[in-house]
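> fold the following for me, if possible:
(one chain, ligands or ions: 2)
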Amino acid sequence: MATEGKNLSQYDKDTIPNAKDFRFGIVVSEWNDEITEGLFQGAFDAWIENGVKKENIVRWNVPGSFELIYGCKKLGESFEMLDAIIAVGSVIQGETKHFDFVCEGVTQGIKDLNIQTDIPVIFCVLTDNNIEQSRARSGGKHGNKGTEAAIAAIKMAQLRKDAKFYKG
Ligand SMILES: Nc1c(NC[C@H](O)[C@H](O)[C@H](O)CO)[nH]c(=O)[nH]c1=O
Ligand SMILES: CC(=O)[C@@H](O)COP(=O)(O)O
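Numbers count the residues shown, from 1 in each chain. Ligands and ions are numbered 1, 2, ... in the order given. Just a heads-up that it's a prediction; the model follows:
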């Protein structure tokens, strides 16, 4: 298993770009909020640890992971100066195929946002078989995918900044 034996919260601070001037958005799904709040905290703490100012972080909530698509789209439209956005969700398998459609829909939707808009949208949506797997990846034995997403957001914000520089 890709995550097994890894700690998603471990990173080398020396490899992270300077984030003090970056402005970030984060959209958090309210479904499975025990998990999504853990993911949010992991992302928030990683940003602060890497110099992001609290006033440069804007958070919106949406009902479920499927609404992350619209929420991230509108957040980017409302705050055009954002350097990156994280979509935070937790989808857990139930009795039916609904899990499959939610996961596929939100995955494709966030992929589309990365194609259609100029603000990187980071995929921090857990798609787990059970709550134990979710807990392990939102501050448990496998670390926190929120931390991983925050570092990805910093790196993508720097890539976007560099791209604008080279374009002139
Ligand atoms: N079962 C889960 C859902 N389902 C709700 C959908 O995301 C969506 O809000 C609904 O279909 C209305 O459009 N959402 C999660 O985030 N996690 C789940 O486990
Ligand atoms: C991912 C879902 O929508 C799922 O948790 C809903 O549960 P069920 O498939 O039992 O209706």
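> pick out the residue of this protein closest to ligand 1.
In the chain, no residue comes nearer to ligand 1 than Gly64, which is 2.2 Å away by CB to the nearest ligand atom. (C-beta placed from N, C-alpha, C; glycine too.)
> my guess is that residue contacts Val88. True?
No. Counting by CB atoms under 8 Å, Gly64 sits too far from Val88 to count as a contact (11.6 Å).
> which of the two has more residues huddled nearby?
Under the criterion of other CB atoms under 10 Å, the comparison of Gly64 against Val88 puts Val88 first, with 30 against 15.
> list the beta-bridge partners for the more buried one.
The residues listed as beta-bridge partners of Val88 by DSSP bridges are Val28, Cys124.
> Lys97 versus that one, what's the distance?
Counting by CB to CB, to the nearest Å, the separation of Val88 from Lys97 is 24 Å.
> against Asn32, how distant is the closest residue to Ile154 other than its chain neighbours?
Sequence neighbours aside, Ala19 is the residue nearest to Ile154 in space, at 4.7 Å (criterion: CB to CB, 6 or more residues apart in numbering). Using CB to CB, Ala19 is found at 28 Å from Asn32.
> surely the residue nearest to Ile154 is within a helix?
No. Assessed by DSSP: H, G, I helix; E, B strand; the rest coil, Ala19 does not belong to a helix; its assignment is coil.
> count of neighbours near it?
Residues near Ala19, counting by other CB under 10 Å, number 26.
> ok, now the one 3 residues further on?
Phe22: 23 surrounding residues under other CB under 10 Å.
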